[in-house]
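Trainee: below: sequence and its predicted model.
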Amino acid sequence: MAKESKKMKAEGVPLYTVPGLTPEQAAEIAAVLQDRLNALTDLHLTLKHVHWNVVGPHFVAVHEMLDPQVDAVREMADTTAERIATLGLSPYGTPGALVADRSWDDYSIGRAGAIEHLGALDLVYSGVIQDHRRAVEAVGELDPITEDMLIAQSAQLEQYHWFVRAHLETSGGQLSTAGASSEVQARSQARAGAKRKTA
Ligand SMILES: [Fe+2]
C-alpha cells in the first residue's frame with residue numbers, strides 16, 4: 001500500500017480513474033487542475049487579505065463586496081480539488097505546496113486605499129482568468145467534464161473581475177489601470193485615475 005502510494009506520487013499516474021479516461025490522461029488533467037487549485041486558493045486568501053487591509057472612504061463598500069467573492073472562490077477551490085481526487089489523484093492543498101509550486105509572486109500590497117487595492121486586484125484577476133482559459137484549452141480535448149467545470153468558474157471569475165474594474169473605469173470606458181504590468185504600477189495608476197475623477 002505504502003509502495004503503491006509512493007509510486008503514484010512519484011510518477012503522477014493514478015492506479016484507477018474515471019471510466020472513459022486512461023490513468024495517463026487523468027494525470028495530465030490533474031496536473032492542470034493542481035495549478036488551478038493553487039491559483040484559486042491563492043486568490044481567496046488574497047481577497048481576504050484585501051478585505052482586512054482596505055482603508056479609506058470606500059472601506060465599507062469594498063470590504064463587503066469582497067466576502068462573497070472569497071466564499072465563491074473558496075468553493076471553486078474545493079470543487080477543483082475534489083475533481084482531482086475523483087480522477088484518482090491526490091490534490092495538494094497545503095500552504096507549503098502552494099508556495100513551492102506557484103509561478104507567480106505573493107500579493108504585494110498591505111494596508112492601502114480601496115481604489116489602490118482594486119487597481120492591484122484588476123491585475124490579479126487578469127492573471128487567474130487568463131490561466132483558467134489556457135487550462136480550458138488544455139483539458140478540452142481530453143475531458144469535457146473538467147472543461148465544463150473550468151468554464152463555469154471562468155464565467156464567475158470574469159463577473160467578479162468586472163465588479164473590480166467598474167471602480168476603475170471612466171464613463172468613456174477607459175480603465176485607469178490600462179497597460180499596467182505590476183500590482184504596484186496598477187495601484188499607482190488607479191490612485192492617479194481616482195484623483196483625476198475628483199479633480
Ligand atoms: Fe470579515
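Mentor: Yes, it's here.
Trainee: the helices in the protein, which residues?
Mentor: Here the chain has its helices, by DSSP state H, at 2-11, 23-53, 59-86, 95-101, 114-140, 144-165, 183-198.
Trainee: can you list those helices in JSON lines and add distance to T17?
Mentor: (Each C-beta comes from the backbone N, C-alpha and C, glycine too.) As requested, those are exported to JSON lines (distance: least, CB to CB, whole Å):
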{"stretch": "helix 2-11", "distance to T17": "11"}
{"stretch": "helix 23-53", "distance to T17": "4"}
{"stretch": "helix 59-86", "distance to T17": "9"}
{"stretch": "helix 95-101", "distance to T17": "22"}
{"stretch": "helix 114-140", "distance to T17": "14"}
{"stretch": "helix 144-165", "distance to T17": "12"}
{"stretch": "helix 183-198", "distance to T17": "38"}
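Trainee: which of those helices sits closest to S171?
Mentor: S171 lies closest to helix 183-198 among those, at 9.5 Å (CB to CB).
Trainee: next, the angle from that closest one to helix 114-140.
Mentor: 130 degrees (axes from the mean of the first three to the mean of the last three CA atoms, to 10 degrees).
Trainee: where does this protein dip in pLDDT?
Mentor: Residue ranges of the chain with pLDDT under 70: 1-11, 197-199.
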